[in-house]
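In: Prediction below, plus the sequence it came from.
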Amino acid sequence: MTPDPSHAYPRRILLAVTGLSPQIVTESVYALAVQATPAWIPHEVHLITTVRGAGNARLKLLSREPGWFHRLRDDYGLPDIAFDEAHIHVIERADGTPLDDIRDDADNQRAADFIADTVRRLTLEAATEIHASIAGGRKTMGFYLGYAMSLYGRAQDRLSHVLVSAPFESHPEFYYPTPATRVITSLDRAQDALDCNKAQVWLGDIPFVRLRDGLPQRLLEGAASFSHVVAVANRAQGTPLLAIDMLTRTVRVDGEDLKLGKVDLALLLWLARRAKGRQGAVDWGSPEAGREFLATARDVINPASGEFDRVEEALDWRRNAAIKQAKYFEPHKTRINNALKVLLGERAAQRYAIQRIKAGGGFRYLLPLTPGQIEIRD
């Protein structure tokens, strides 16, 4: 079957989780590459499993005999699909030893971390298209794969569950509907022998919420535990908390350290104090704004330093027009807001980002936080 030319992605990947029954691979490839219209033929197949699952996949799918994956390709004239032992990813424990089975909470957590990081890595390349199948493996493995797709999946990625008609479903000798008669013994002794040619396979697409755009770039590019990534994704729904400790010169947002330069810290502290005191938005071009900011800057920058002199000169109302003073704050606002995006992700960062609002024919600036969402330790 010829692939549909509308598939614009040069690297299509089928990703599946399996336990002791590797049939999910051949059933999914059949449903996608043979039965679907238009056909979706993967360039690669990646399998996440345990030691026992990997052994079963090698013996039943990739061996010379029975080699069911190779048989499927031969039966339906499918092109080369990259799938060998290097594409079978065995879940590992924290010490690097491969996992035989998922038996306890620690194994369950390792499976979650491994599955999520595999999806993260496979979605790093923009030219890839992932089709993930949750039909195989333990139920928790399918859940984690689905959740990982929600965290990292992009617009072009899909999630599905393959279904097989009775009495072929879960039959250890059934791998896909064959183009010609292939007889297997029924698991029910009261039934006649079964013909694999008569089996039916359905692929059920599963809609999922895509949260990728709300994650900070550092979590897309670097490994992190499944639970940590979920916690970060959930923060955008929670109540924000900005904590500024002037004794240690540290800023924390959502429990994460926000690194800022001295002038940026002074600007954030100034606006935080205004928000905590319910002073409202401020006109950055007014003389009062310059005086207020300098008073705050003295708490952050040594007043006897050249750095403070430069700030004071920039905000000297006698020498600078209101527009010039207002423009002084803009790059610092941008740096603060960008630092928040890098740390928290765009969605969560919006709860803290310095906002500009129209007022009185001009613009005013504020932090979108209530007094109870701000802690300042002087």
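Out: Received it, and whenever you're ready, just let me know what you need. Numbering: from 1, shown residues only.

In: pull the CA atoms of the helix ranked longest in the chain into CSV?
Out: Of all segments of type helix in the chain, defined using DSSP state H, the longest is helix 322-344. The C-alpha trace of helix 322-344 is given here as CSV (Å, rounded to 0.1, in the frame of the first residue of the first chain):
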residue,chain,number,x,y,z
ALA,A,322,9.0,61.4,30.9
ILE,A,323,9.2,59.2,27.8
LYS,A,324,12.9,58.6,28.3
GLN,A,325,12.4,57.6,31.9
ALA,A,326,9.5,55.3,31.0
LYS,A,327,11.7,53.6,28.3
TYR,A,328,14.4,53.0,30.9
PHE,A,329,12.2,50.4,32.6
GLU,A,330,11.1,48.5,29.4
PRO,A,331,14.2,46.3,28.9
HIS,A,332,14.1,45.4,32.6
LYS,A,333,10.5,44.5,32.4
THR,A,334,11.2,42.3,29.4
ARG,A,335,14.0,40.5,31.1
ILE,A,336,11.9,39.7,34.1
ASN,A,337,9.0,38.4,32.0
ASN,A,338,11.3,36.3,29.9
ALA,A,339,13.0,34.9,32.9
LEU,A,340,9.6,33.9,34.3
LYS,A,341,8.7,32.2,31.0
VAL,A,342,12.0,30.2,30.9
LEU,A,343,11.5,29.1,34.5
LEU,A,344,7.8,28.3,34.6
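
In: And the strands in the stretch 101-250 of the chain?
Out: 128-133, 158-164, 183-184, 194-195, 201-205, 242-245, 250-253 (DSSP state E, counting those that start in this stretch).

In: Flag every buried residue along the longest one.
Out: Judged by neighbour count (16 or more other C-beta atoms under 10 Å), strand 158-164 contains these buried residues: 158, 159, 160, 161, 162, 164. All C-beta atoms are positioned from the backbone trio N, CA, C, and that covers glycine.

In: could you give the angle of that strand to strand 128-133?
Out: Inter-element angle recorded for strand 158-164 and strand 128-133: 40 degrees (by axes from the mean of the first three to the mean of the last three C-alpha atoms, to 10 degrees).

In: Name every strand pairing with strand 158-164 and say which way it goes.
Out: strand 128-133 (parallel), strand 201-205 (antiparallel) (DSSP bridges).

In: quick one: which of these is nearest residue 242?
Out: Of all those, it is strand 128-133 that lies closest to residue 242, at 36.8 Å by C-beta to C-beta.

In: any idea how far that closest one is from the chain center?
Out: From the chain centre to the centre of strand 128-133 is a distance of 14 Å (C-alpha atoms, centre = their mean, to the nearest Å).

In: contacts for it?
Out: 7, 9, 11-17, 24, 28, 32, 40, 42, 119, 122-123, 145-146, 149, 153-154, 156-162 (C-beta atoms under 8 Å, 6 or more residues apart in numbering).

In: And for stretch 170-187?
Out: Contacts for stretch 170-187 (C-beta under 8 Å, 6+ apart): 21, 23, 26-27, 29-30, 34, 60, 68, 71-72, 75-76, 164, 167-168, 192-201.
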